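Asker: no sequence on this one, just coordinates:
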């Protein structure tokens with residue numbers, strides 16, 4: 001049995017990592033900002049440590065004596081106004097703080113959660129871990145995760161930190177609170193008549209993504225990056241999968257990328273003059289304008305045994321969960 005320190009343990013992926021670690025019999029020290037919001041972790045038997053990755057002095061006590069660190073915490077927003085300082089403090093400086101304390105305390109192993117978004121739009125190509133993209137970035141999230149990956153994590157590895165990097169794509173499943181969940185909820189409520197055309201992602205169920213984190217800790221090679229991103233499908237195909245599971249009709253049309261890109265430019269101008277909902281901000285429109293965030297998980301399959309479930313299987317699980325929560329009748 002090992003003792004693990006988990007950042008982001010109250011988040012979507014981090015909570016599942018903590019749950020699966022406890023299921024395997026490991027001790028978990030969960031970094032939390034508000035213990036009153038971490039009752040589920042406490043029920044799992046996790047030790048709650050109050051702290052924040054933006055304040056390195058709050059990390060040491062909880063991390064001391066850990067056999068490994070899972071750094072999952074991140075800021076994730078698309079289209080949020082005036083968010084640069086917060087995004088940098090969490091995604092870039094927060095990562096630096098966690099890795100520096102790891103080094104200071106001599107923690108023997110760590111897993112850093114990066115993202116496929118560091119590769120930006122791959123233009124339909126399924127890239128591997130050797131691919132590199134240096135900007136410009138489509139969103140502030142993409143940019144700050146890129147900086148955490150290339151300016152913090154990789155230099156730390158080069159300096160001798162025993163770190164492994166994992167790169168999820170779109171993560172879906174029960175417990176998601178992102179804008180992606182909103183798409184499927186709107187579908188279930190019959191409020192999704194159209195979706196962006198040609199936009200595509202790699203789809204990883206949260207249970208499989210968390211499992212891959214733990215396998216990376218236990219089996220991954222120090223200094224390596226692993227794409228743990230699930231099968232590639234268009235956004236339209238994912239909504240059609242949800243339609244098959246729910247019995248609701250799929251969207252009837254796709255919005256062409258050129259239309260979304262043009263609208264993004266218009267909304268950039270409008271947003272400079274007046275507040276806009278996040279869904280209508282230029283950044284939000286750009287990241288769905290026919291972009292493809294695609295990566296091959298072949299290396300993770302070979303070395304970590306990564307075997308993500310098919311989209312239809314995972315989508316059935318998600319749809320059943322959301323329909324129960326929304327009080328909707330099953331098909």
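Answerer: Structure's in. What do you need? This structure is a prediction, so every number in the text was calculated from the model and none was measured.

Asker: where do the helices sit along this structure?
Answerer: Here the chain has its helices, by DSSP state H, at 12-23, 39-43, 60-63, 84-87, 95-105, 140-147, 154-158, 179-188, 206-219, 235-246, 257-273, 282-286, 298-304, 311-326.

Asker: can you put the ones you listed in JSON lines and add mean pLDDT, distance to residue 197 and mean neighbour count?
Answerer: Quick note: C-beta positions are derived from backbone N, CA and C, even for glycine. Formatted as JSON lines, these follow (pLDDT from 0 to 100; distance: least, C-beta to C-beta, whole Å; neighbours: other C-beta atoms under 10 Å):
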{"stretch": "helix 12-23", "mean pLDDT": "98", "distance to residue 197": "27", "mean neighbour count": "22"}
{"stretch": "helix 39-43", "mean pLDDT": "95", "distance to residue 197": "39", "mean neighbour count": "14"}
{"stretch": "helix 60-63", "mean pLDDT": "97", "distance to residue 197": "46", "mean neighbour count": "17"}
{"stretch": "helix 84-87", "mean pLDDT": "96", "distance to residue 197": "29", "mean neighbour count": "14"}
{"stretch": "helix 95-105", "mean pLDDT": "98", "distance to residue 197": "35", "mean neighbour count": "21"}
{"stretch": "helix 140-147", "mean pLDDT": "97", "distance to residue 197": "21", "mean neighbour count": "23"}
{"stretch": "helix 154-158", "mean pLDDT": "98", "distance to residue 197": "35", "mean neighbour count": "16"}
{"stretch": "helix 179-188", "mean pLDDT": "94", "distance to residue 197": "14", "mean neighbour count": "18"}
{"stretch": "helix 206-219", "mean pLDDT": "98", "distance to residue 197": "27", "mean neighbour count": "22"}
{"stretch": "helix 235-246", "mean pLDDT": "96", "distance to residue 197": "7", "mean neighbour count": "21"}
{"stretch": "helix 257-273", "mean pLDDT": "89", "distance to residue 197": "7", "mean neighbour count": "14"}
{"stretch": "helix 282-286", "mean pLDDT": "90", "distance to residue 197": "13", "mean neighbour count": "23"}
{"stretch": "helix 298-304", "mean pLDDT": "98", "distance to residue 197": "28", "mean neighbour count": "18"}
{"stretch": "helix 311-326", "mean pLDDT": "96", "distance to residue 197": "18", "mean neighbour count": "18"}
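
Asker: closest to residue 227 out of those helices?
Answerer: Ranking these by proximity to residue 227 (C-beta to C-beta) places helix 298-304 first, at 6.1 Å.

Asker: Please state the offset of that closest one from the chain centre?
Answerer: Helix 298-304 sits 19 Å away from the centroid of its parent chain (C-alpha atoms, centre = their mean, to the nearest Å).

Asker: still on that earlier bit, could the helices of the chain be laid out in CSV, adding distance to residue 30?
Answerer: Below are the helices of the chain laid out as CSV (distance: least, C-beta to C-beta, whole Å):
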stretch, distance to residue 30
helix 12-23, 6
helix 39-43, 5
helix 60-63, 8
helix 84-87, 22
helix 95-105, 14
helix 140-147, 22
helix 154-158, 23
helix 179-188, 23
helix 206-219, 14
helix 235-246, 31
helix 257-273, 37
helix 282-286, 31
helix 298-304, 23
helix 311-326, 23
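
Asker: Please identify which of these is closest to residue 128.
Answerer: Counting by C-beta to C-beta, residue 128 lies closest to helix 298-304 out of the helices of the chain; the figure is 6.7 Å.

Asker: burial of the nearest residue to residue 131 once chain neighbours are set aside, as a residue count?
Answerer: Residue nearest to residue 131 in three dimensions, not counting chain neighbours: residue 119, with 5.6 Å by C-beta to C-beta, 6 or more residues apart in numbering. Counted with other C-beta atoms under 10 Å, residues neighbouring residue 119 total 23.

Asker: show me what contacts residue 119?
Answerer: Going by C-beta atoms under 8 Å, 6 or more residues apart in numbering, residue 119 touches 127, 131-133, 293, 295.

Asker: of all the residues you listed, which two lie farthest apart?
Answerer: Taking C-beta to C-beta as the measure, the contacts of residue 119 span a maximum distance of 14.7 Å, between 132 and 293.

Asker: higher neighbour count, the two?
Answerer: residue 293 (24 against 11).

Asker: For residue 226, find the nearest of the helices of the chain.
Answerer: helix 298-304 (4.3 Å).

Asker: Which other helices and strands does that closest one contact?
Answerer: Here helix 298-304 touches helix 206-219, strand 225-227, going by 3 or more C-beta pairs under 8 Å, 6 or more residues apart in numbering; DSSP states H and E.

Asker: I would like the residues contacting the first one, please.
Answerer: So that's helix 206-219. 4, 12-13, 16-17, 19-21, 24, 68, 70, 72, 109, 111, 113, 164, 166, 168, 171-176, 204, 226, 228, 230, 300, 303-309, 314.

Asker: Cool, thanks, talk later.
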